[in-house]
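Visitor: With the input below, show me the fold.
(chains A and B)
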Amino acid sequence: MENSILTIKNLDAYFGKTQVLKNINLSFPYKKVTAIMGPSGCGKTTLIRCLNRMHELTADADYGGSIFLGDVNIFEKNPITLRRHIGMVFQRPNPFPNMSIYENVLAGYTLNGIRLTRLERDSIVQDALQKAALWEEVKNHLNKKGTFLSGGQQQRLCIARALAVKPDIILFDEPTSALDPRATTHIEELIEELKKTVTIVMVTHNIAQAARVSDYTAFLYMGELVEYNSSERIFTVPKDKRTEEYLTGKFG
Amino acid sequence: MKEKNIRRRLIKDRLFLILIGVLSLTALIPLIFILGYIFRNGIRVINWDFLTQLPQPVGEETAGGIVHALVGTIIIIGLSFFLAVPFGIGTGVYLSENRNTRFSVIVRLCVDLLMGVPSIVVGIIAYAWIVRFQGFSALAGSIALSILMIPMVVRGTEETLNLIPPSYKEASLALGVPYYRTMLKVIIPSGFGGITTGVLLALARIAGETAPLLFTALGSNFLNVNIFKPMHTLPLLIYDYATSPYKEWHHIAWGASFVLVIFVLVLNIISRLVIKKWKIQF
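Guide: Below is the predicted model of the structure:
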């Protein structure tokens, strides 16, 4: 496999006594889109939430194993600095309701108490919104509340917010499942565009979406990694029977 | 047969609507009478002197005013505000953040119990713990009032924050924002309207409290701004003057009632405006 930026080694994850991830080994290639797909409850969201250590915020969540960002084990890193390297976009768009569009983009700086000059702020906002393909639509409403936008625009605002702090990796947790088909297409095109600058890991339960946008696909079933390969191979010649059955709609 | 049944149902619907309309109007009648009565009796004595002068001895030409009680009310209420708000909001945030731990269940129970403690009992406690050692003072009064205020602020804060979707907290944490900054800069500001409303309504409630102040702030006929000395407030003045044998003083009591009602009304209106202005769409 090409040079990878993030490597999961023997990862187990638990909620209380229930084990939701079993001995996952996986590595994410640099500046590629990797999709994690699988039926509901297979642990894909838990997996992605382990990557920026959001999993441990849930009460009685636990994990074992290690995840390496470069050659540092993220579980030995401070989660706060880790999360500045690994951004996240959630299932439902969640721009901060108390902030304008402009402030939302800058939230990663202002909330962390980082002071910027007016010029730096303006350029970060414009740059992030352009990368998120939202600039043209909002450049005249930067002072309106983020919640004033449509669902798809809000999601792109959240992507801009994640991009603004210049992370190495962005995690997408089913980013289009709350959006209509047109907004979905928009986000998918955007993800294709973004992989020029960042590594992307996305969770989806939509098989077609994984096939459309990802370079690599991991198939997760009942907490186990069943198969991981380039999307081309997974979708044309799956090795495991379960993958084949999932892709042909026998379950899930 | 069917036609008839439907008509009967429609009539019942109509009757039910009329019934609840009449009942709610009846509930309003006492309020309208009370407000009207206070207005009629109070407005007569209100003038600039009434708001800026001290009371005159009985038999003087002018009855004087209530400036000492007005200033006292503002000082005591203001002080209670500063005493109650940090504890109230802090506890509310804690309870909303830790909903089911053993400690938070106990705290919530205590807050509910505190809300049910009669105000005069709080006054006696403040007397026993503070006044017996330090003497009567406005500060003791403020402490008693803030004890009454805390549970209302706690509940208001907790209920407001419980309505804020957890996804905002996640969004902030995922940006690498530490927990304390997430709470201070995202979650509490998102609930600002609701929290402020809770605080203002709590202030309106304690503004009319008399019982706890009888044992603590005591009252004073002089204009006093020293919080370590006895001080007058509007409810105390009303209590004093309404139970006095002098007709002039009764007028003053009515005037003070009028001012107090206006004060509470203004707080209520401000809280409505706050709800409107800081209403946040999720």
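Visitor: got the residues of the stretch 151-282 of chain B near chain A?
Guide: B:165, B:167-168, B:170-178, B:181-182, B:185-186, B:189-190, B:192, B:280-282 (C-beta under 8 Å from any C-beta of the partner chain). Just so you know, the C-beta spots here come from the backbone N, C-alpha and C atoms, and that holds for glycine as well.
Visitor: Show me just the buried residues among these.
Guide: B:168, B:170-178, B:181-182, B:185-186, B:189-190, B:280 (16 or more other C-beta atoms under 10 Å in any protein chain shown).
Visitor: hmm, back to that, and the residues of the stretch 151-282 of chain B next to chain A, which of them are in helices?
Guide: Per DSSP state H, helices hold the following members of these: B:167-168, B:170-174, B:181-182, B:189-190, B:192.
Visitor: want to throw these into TSV with pLDDT?
Guide: Listed next are those as TSV, based on pLDDT from 0 to 100:
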residue	pLDDT
B:S167	90
B:Y168	92
B:E170	92
B:A171	93
B:S172	94
B:L173	93
B:A174	93
B:R181	93
B:T182	93
B:P189	90
B:S190	90
B:F192	89
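Visitor: can you give me the helices for the stretch 151-282 of chain B?
Guide: B:166-174, B:179-182, B:188-190, B:192-207, B:211-214, B:234-242, B:247-277 (DSSP state H, counting those that start in this stretch).
Visitor: Can you give me the buried ones in the last one?
Guide: Taking 16+ other C-beta under 10 Å as the neighbour-count basis, helix B:247-277 is seen to contain the buried residues B:248-261, B:263-264, B:267, B:271, B:274.
Visitor: Quick check: nearest residue in space to B:A242, chain neighbours excluded?
Guide: B:A253 (4.1 Å; C-beta to C-beta, 6 or more residues apart in numbering or on different chains).
Visitor: Kindly reformat the helices of the stretch 151-282 of chain B as JSON lines and extend each row with distance to B:S220.
Guide: Below are the helices of the stretch 151-282 of chain B laid out as JSON lines (distance: least, C-beta to C-beta, whole Å):
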{"stretch": "helix B:166-174", "distance to B:S220": "49"}
{"stretch": "helix B:179-182", "distance to B:S220": "43"}
{"stretch": "helix B:188-190", "distance to B:S220": "38"}
{"stretch": "helix B:192-207", "distance to B:S220": "18"}
{"stretch": "helix B:211-214", "distance to B:S220": "11"}
{"stretch": "helix B:234-242", "distance to B:S220": "9"}
{"stretch": "helix B:247-277", "distance to B:S220": "15"}
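Visitor: In contact with residue 155, which residues?
Guide: Picking chain A for this. A:89, A:93, A:175-176, A:178-179, A:183, A:187 (C-beta atoms under 8 Å, 6 or more residues apart in numbering or on different chains).
Visitor: Wait, chain B was what I had in mind.
Guide: Counted by C-beta under 8 Å, 6+ apart, B:R155 has contacts B:92, B:111, B:115, B:198.
Visitor: Heading C-terminal from whichever strand or helix holds the third one, find the next helix or strand.
Guide: Counting by DSSP states H and E, the element that carries B:M115 is helix B:102-116. Later in the chain than helix B:102-116, the nearest helix or strand by DSSP H and E is helix B:119-126.
Visitor: just checking, what packs against that next one?
Guide: For helix B:119-126, the packing partners by 3 or more C-beta pairs under 8 Å, 6 or more residues apart in numbering or on different chains; DSSP states H and E come out as helix B:138-162, helix B:211-214.
Visitor: Checking A:S66 next. Helix, strand or coil?
Guide: strand (DSSP: H, G, I helix; E, B strand; the rest coil).
Visitor: Kindly report the same for A:T197.
Guide: Going by three-state DSSP: A:T197 is coil.
Visitor: Please spell out which residues along the helix or strand of chain B with the lowest mean pLDDT are buried.
Guide: The helix or strand of chain B with the lowest confidence, counting by mean pLDDT, DSSP states H and E, is helix B:48-52 at a mean of 84. Across helix B:48-52, burial judged by 16+ other C-beta under 10 Å covers B:F50.
Visitor: Just the CA trace of it, in PDB.
Guide: Extracted in PDB, the C-alpha atoms of helix B:48-52 (Å, rounded to 0.1, in the frame of the first residue of the first chain):
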ATOM      1  CA  TRP B  48     -41.000  63.400  41.800                       C
ATOM      2  CA  ASP B  49     -40.700  64.200  45.500                       C
ATOM      3  CA  PHE B  50     -42.200  60.700  46.300                       C
ATOM      4  CA  LEU B  51     -39.300  59.100  44.400                       C
ATOM      5  CA  THR B  52     -36.500  61.400  45.600                       C
END
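Visitor: I'd like the distance from that helix to the chain centre, please.
Guide: 25 Å (C-alpha atoms, centre = their mean, to the nearest Å).
Visitor: Enumerate every residue touching A:A208.
Guide: Contacts of A:A208 by C-beta under 8 Å, 6+ apart: none found.
Visitor: Am I right that it is in a helix?
Guide: Yes. According to three-state DSSP, the state of A:A208 is that of a helix.
Visitor: on that earlier part again, please enumerate residues in contact with the helix holding B:M115?
Guide: So helix B:102-116 is contacted by B:91, B:94-95, B:98, B:147, B:150-152, B:154-155 (C-beta under 8 Å, 6+ apart).
Visitor: now do 6 Å
Guide: Outside of helix B:102-116, the residues within contact range by C-beta atoms under 6 Å, 6 or more residues apart in numbering or on different chains are B:95, B:98, B:151, B:154.
Visitor: mind putting those in TSV, neighbour count, distance to B:L25 and pLDDT included?
Guide: Converted to TSV, the contacts of helix B:102-116 look like this (neighbours: other C-beta atoms under 10 Å in any protein chain shown; distance: C-beta to C-beta, whole Å; pLDDT from 0 to 100):
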residue	neighbour count	distance to B:L25	pLDDT
B:L95	23	39	95
B:N98	14	45	90
B:P151	22	33	95
B:V154	30	35	96
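Visitor: tell me which of these is nearest to chain A?
Guide: Ranked by distance to chain A (C-beta to the nearest C-beta), the contacts of helix B:102-116 are led by B:N98 at 9.5 Å.
Visitor: That closest one: what's it in contact with?
Guide: Counted by C-beta under 6 Å, 6+ apart, B:N98 has contacts B:S104.
Visitor: next one: phi and psi at it?
Guide: Per-residue torsions, B:N98: phi -120, psi 80 (degrees, to the nearest 10).
Visitor: Got the confidence number for residue 142?
Guide: Unless you meant another one, I'm taking chain A. A:L142 carries a pLDDT score of 91 in this model.
Visitor: you looked at the wrong chain, it should be chain B
Guide: 94.
Visitor: okay, now it: neighbour count?
Guide: B:S142: 29 surrounding residues under other C-beta atoms under 10 Å in any protein chain shown.
Visitor: what's the spacing between the closest residue to it other than its chain neighbours and chain A?
Guide: Nearest non-adjacent residue to B:S142, counting by C-beta to C-beta, 6+ apart: B:L79, 3.7 Å away. With distances taken as C-beta to the nearest C-beta, to the nearest Å, B:L79 is found 30 Å from chain A.
Visitor: ok, now how distant is A:E245 from A:S230?
Guide: 20 Å (C-beta to C-beta, to the nearest Å).
Visitor: I meant A:R115, not that one.
Guide: From A:R115 to A:S230 the distance is 44 Å (C-beta to C-beta).
Visitor: go on, B:D112?
Guide: Distance from B:D112 to A:S230, by C-beta to C-beta: 60 Å.
Visitor: residue contacts, residue 194?
Guide: Reading this off chain A. So A:L194 contacts nothing (C-beta under 6 Å, 6+ apart).
Visitor: should've been chain B
Guide: B:T160.
Visitor: Mind pulling the model confidence for it?
Guide: Reading off the model, B:G194 has pLDDT 89.
Visitor: Near residue 78, how many other residues are there?
Guide: I'll assume chain A. 12.
Visitor: ah, no, chain B please
Guide: 13.
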